[in-house]
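A.B. asks: take a look and give me a structure for this.
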Amino acid sequence: MRRRLINSTLAVVLVVIAVFGVSLVIVESRTISNSAQESVDSEALRLISVVESRLLGSERINPALLAEQITSKRYALVEIPGRAPLEIGTRPTGRVISSTVEGEQGERVTVEESSTAVTREVGRTLMIIGAVALLAIVSAVLLAVRQANKLASPLTDLAETAERLGSGDPRPRHKRYGVPELDRVADVLDSSAERIARMLTAERRLAADASHQLRTPLTALSMRIEEISVTDDPDTVKEEANIALTQVERLTDVVERLLTNARDPRTGSAVVFDLDEVVKQQVEEWRPAYRGEGRAIVRSGKQGLRAVGTPGAVAQVLAALIENSLMHGGGTVALRTRVTGNQAVIEVTDEGPGVPPDLGARIFERTISGRNSTGIGLAVARDLAEADGGRLELLQQQPPVFALFLSRVALNRQEPERPVR
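C.D. replies: Got it, this is the predicted structure:
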């Protein structure tokens, strides 16, 4: 592209120089020749006037006086009837510029000048025009190279940016070149890079969230299937199969929920549901895991609460909190339901060391963990809670108290608050 720009610029400059340069040479040559001819004609007229005035006054025509009337290096011939011709100067050889004027009494004056001076002047003019043309060509080359670099370098950068986008590197360059058209292309590429970066981030986040959120349900499902494989009791097989089917439905709900949040985290499918059922289901599902660790999980608080949200999402939030207590907490884990204002609150607490002071404000950020875990579970739980219009907060660090706030539906009857084990 650089070569094309340079060649095209040079071609335009050469055409302009050829057209205007040749025209200028012709005009200047004619101007110099006409000027020389007019000068010779003027001297011939001046000389004839002197001769006529002398003749009218019957004065003697002095060759020295006539020599003063013409320019040096010019030749003059004065012819007067009845007298010998007078020659002033040396007659030039070769091509000459000549002018002859006749007087009223028959006298005639001829002035000649060699055309060498005219040729020399035309040559100097041609040299000046040639130097200007050469300077114009050099300037055009420098300008063409500069413009070519100014246009070609941005295009090279844009091509590299497009190649990086195609190779999976979506970092925008935010580089502009001062050319509106190229800057527009750069804006589009940077916008595309940002969109691709968001898409890749969403895909990676979905993969990480899916891996984290599906691990526990799949483990529980495999345990149910193992129970089925080692028992011969039809009732036990049926019970475990029903539980396994329920867990499969939960797995399906988890996948759909993750996909929905990946497409648009603000999209929810909130309904009015029985909060007790979700809490009870989570306690029963996690009780074997806690029993295996020599720990207990209990629930207490206000009963008969109906909240607004997605049961599957609420179950996933509670599962993340319960799993977090299992991995990082200690002692008995308690799920307590209560009411505050127009919200239903589910608190999850344990008797462990709690959240380190330096992590309290950042505990819900991704990759933030105090025990070498992924740091994804609480972040996903917060996103699920917010997608349904709720919120997840850390109310107390030591001992840890996490609270899930949901909008509730008021009942006409009041339910007592009592512990349930």
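
A.B. asks: number of nearby residues for the closest residue to residue 13 other than its chain neighbours?
C.D. replies: Leaving aside its sequence neighbours, residue 13 sits nearest to residue 140 (Cβ to Cβ, 6 or more residues apart in numbering; 4.0 Å). For glycine as for every other residue, the C-beta is placed from the backbone atoms N, C-alpha and C. Around residue 140 there are 19 other residues, counting by other Cβ atoms under 10 Å.

A.B. asks: doesn't residue 99 lie inside a strand?
C.D. replies: Yes - Residue 99 sits within a strand when classified using DSSP: H, G, I helix; E, B strand; the rest coil.

A.B. asks: beta partners for it?
C.D. replies: residue 111 (DSSP bridges).

A.B. asks: is the nearest residue to residue 385 once chain neighbours are set aside in a helix, a strand, or coil?
C.D. replies: In space, not counting the residues next to it along the chain, residue 385 is nearest to residue 392; the distance is 4.3 Å by Cβ to Cβ, 6+ apart. Going by three-state DSSP, the secondary structure assigned to residue 392 is strand.

A.B. asks: contact partners for residue 392?
C.D. replies: For residue 392, the set of contacting residues under the criterion of Cβ atoms under 8 Å, 6 or more residues apart in numbering consists of 317, 364, 378, 381, 382, 385, 386, 402, 403, 404, 405.

A.B. asks: phi and psi next, for residue 89.
C.D. replies: phi 80, psi -180 (degrees, to the nearest 10).

A.B. asks: look up phi and psi at the residue nearest to residue 13.
C.D. replies: Note on residue 140: backbone dihedrals following degrees, to the nearest 10 are phi -60, psi -40.

A.B. asks: do residue 73 as well
C.D. replies: Dihedral angles of residue 73 (phi, psi; degrees, to the nearest 10) stand at phi 70, psi 10.

A.B. asks: same deal with residue 108?
C.D. replies: The phi and psi values for residue 108, taken as degrees, to the nearest 10, are phi -140, psi 140.

A.B. asks: burial of it, as a residue count?
C.D. replies: Residues lying near residue 108 (other Cβ under 10 Å) number 17.

A.B. asks: quick check, pLDDT for it.
C.D. replies: At residue 108 the predicted local distance difference test score is 88.

A.B. asks: and the gap between it and residue 164?
C.D. replies: 91 Å (Cβ to Cβ, to the nearest Å).

A.B. asks: list the contacts for residue 32?
C.D. replies: Each residue near residue 32 by Cβ under 8 Å, 6+ apart is listed here: 118, 121, 122, 125.

A.B. asks: doesn't it lie inside a helix?
C.D. replies: Yes - with three-state DSSP as the criterion, residue 32 is assigned to a helix.

A.B. asks: grab the nearest non-local neighbour of it.
C.D. replies: Leaving aside its sequence neighbours, residue 32 is closest to residue 121 (5.0 Å, by Cβ to Cβ, 6+ apart).

A.B. asks: just the element for the one you found, please.
C.D. replies: Using DSSP states H and E, residue 121 sits within helix 116-166.

A.B. asks: how far does that helix sit from its chain's centre?
C.D. replies: Using Cα atoms, centre = their mean, to the nearest Å, the distance from the centre of helix 116-166 to the centre of the chain it belongs to is 31 Å.

A.B. asks: number the chain from 371, please
C.D. replies: Happy to do that; since the first residue is 371 now, the last one works out to helix 486-536.

A.B. asks: once you drop chain neighbours, what's closest to residue 562?
C.D. replies: Nearest in space to residue 562, with sequence neighbours left out and distances taken as Cβ to Cβ, 6+ apart, is residue 535 at 6.5 Å.
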